[in-house]
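Engineer: A predicted structure for the sequence below; I have some questions about it.
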Amino acid sequence: MKNLVILFVVFFSLFLTSCSDVLDNSMVTNPVMEKTFVSGSGSETASPVYPYPYLYNFSEIKGIKYYSQEGQTSVDFLLPDFEANASQLYVVVMFHQDINARTYFIDEINQNSFKVDGLSADAISEVHIYYTSTNSQTEGVSPFTNNTDFREVAVNGWKLDNSSIDVEASQWPSSLKYLFAEITTKENSYFVFLQKPYSNRFKIPEYGKYGVQSIKLFGHHTLTERTLAVD
């Protein structure tokens with residue numbers, strides 16, 4: 001009889017433990033579901049690491065000149081108003097023909113000049129250049145290789161929502177890793193890092209109060225699926 005009681009107590013204890021686990025895993029705020037642990041580290045995995053903070057705004061450089069040397073498939077850029085501490089450039093290029101705009105990342109700068117490969121000066125209709133300096137970064141490491149290009153992500157539409165801009169992209173490839181936006185207003189142009197929005201419809205806060213005239217989106221894609229992105 002004594003052995004039967006002991007078996008009953010053990011069985012009942014196991015039953016309560018099982019019920020407790022089920023209830024815990026069914027909770028919306030179950031901490032086990034919200035945390036990811038690195039095997040053997042004993043610590044929580046950090047959030048996705050992005051090269052810049054959300055809504056990081058790059059400064060524009062004006063008064064640029066550019067040209068192509070005969071027989072070369074590249075464009076040389078001269079920056080008369082060059083900032084001496086600039087270490088990373090984003091070159092937004094618009095073309096004469098019906099070709100989507102592109103953005104090129106540059107971190108190889110020789111005093112006040114640099115080169116973008118795969119371009120012809122005759123094909124360019126307009127160029128905007130934005131920069132950041134080493135001092136403004138937590139680390140002086142470039143997030144991309146020199147001459148990395150970002151394809152334009154077509155904008156299906158946008159509208160102002162108080163001080164925010166409600167944007168809808170026409171497509172949202174799974175290869176998208178980072179997103180940048182060039183926001184043109186009545187007074188200035190802004191190049192803004194948006195990290196990676198959750199879907200093709202998202203809001204850009206604050207910039208809606210500057211008199212927005214147009215928006216362009218540029219995406220950086222994973223290498224494995226980059227060729228499937230918008231060209």
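Structural biologist: Arrived safely, thanks for sending. Numbers count the residues shown, from 1 in each chain.
Engineer: who touches residue 196 in this structure?
Structural biologist: Counting by Cβ atoms under 8 Å, 6 or more residues apart in numbering, residue 196 touches 48, 50, 176-179. To be clear about C-beta, it is placed using only N, CA and C from the backbone, and glycine gets the same treatment.
Engineer: how does it look with 10 Å?
Structural biologist: Applying Cβ atoms under 10 Å, 6 or more residues apart in numbering to residue 196 gives the contacts 48, 50, 54, 176-179, 202, 219-220.
Engineer: low-confidence ranges in the chain?
Structural biologist: For the chain, the stretches with pLDDT under 70 are 1-47, 81-84, 134-140, 224-231.
Engineer: which residues of it fall in helices?
Structural biologist: Assigned by DSSP state H, the chain shows helices spanning 2-26, 31-34.
Engineer: rewinding a little: and the contacts of residue 196, which of them are in strands?
Structural biologist: Judged by DSSP state E, the contacts of residue 196 include 176-179, 202, 219-220 as members of strands.
Engineer: quick check: end-to-end length of stretch 167-177?
Structural biologist: Distance between the boundary residues of stretch 167-177 (Cα to Cα, to the nearest Å) amounts to 18 Å.
Engineer: buried ones in that stretch?
Structural biologist: Across stretch 167-177, burial judged by 16 or more other Cβ atoms under 10 Å covers 167, 169, 172-173, 175-176.
Engineer: same thing with stretch 108-116?
Structural biologist: Across stretch 108-116, burial judged by 16+ other Cβ under 10 Å covers 109, 114-116.
Engineer: where along the protein do the strands fall?
Structural biologist: 56-61, 65-67, 74-78, 86-95, 102-106, 113-117, 124-133, 148-153, 155-161, 164-169, 176-185, 189-193, 201-204, 212-221.
Engineer: can you give the contact residues for the shortest one?
Structural biologist: Taking Cβ under 10 Å, 6+ apart as the criterion, the residues outside strand 65-67 that touch it are 75-80, 91, 93, 113, 115-116, 119, 121, 124, 127, 129.
Engineer: which strands border it, and is each parallel or antiparallel?
Structural biologist: If you go by DSSP bridges, strand 65-67 pairs up with strand 74-78 (antiparallel).
Engineer: quick one on the thing from earlier: in PyMOL, select just the buried ones from the contacts of strand 65-67.
Structural biologist: One line in PyMOL is enough to select the buried ones among the contacts of strand 65-67; burial here means 16+ other Cβ under 10 Å:
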select buried, resi 75+76+77+79+91+93+115+116+119+124+127+129
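Engineer: and the contacts of strand 65-67, which two are the farthest apart?
Structural biologist: Spatially, the most separated pair among the contacts of strand 65-67 is 80 and 119, at 20.1 Å (Cβ to Cβ).
Engineer: list the residues that contact the spatially most central residue of the chain.
Structural biologist: The structure's the chain has its C-alpha centroid closest to residue 178; by Cα atoms, centre = their mean the separation is 2.7 Å. By Cβ under 10 Å, 6+ apart, the contact set of residue 178 is 50-52, 143-144, 150, 193-196, 218-221.
Engineer: distance of it from residue 78?
Structural biologist: Distance from residue 178 to residue 78, counting by Cβ to Cβ, to the nearest Å: 29 Å.
Engineer: for residue 91, same thing?
Structural biologist: 13 Å.
Engineer: quick check: neighbours shared by those two?
Structural biologist: 64, 66, 114.
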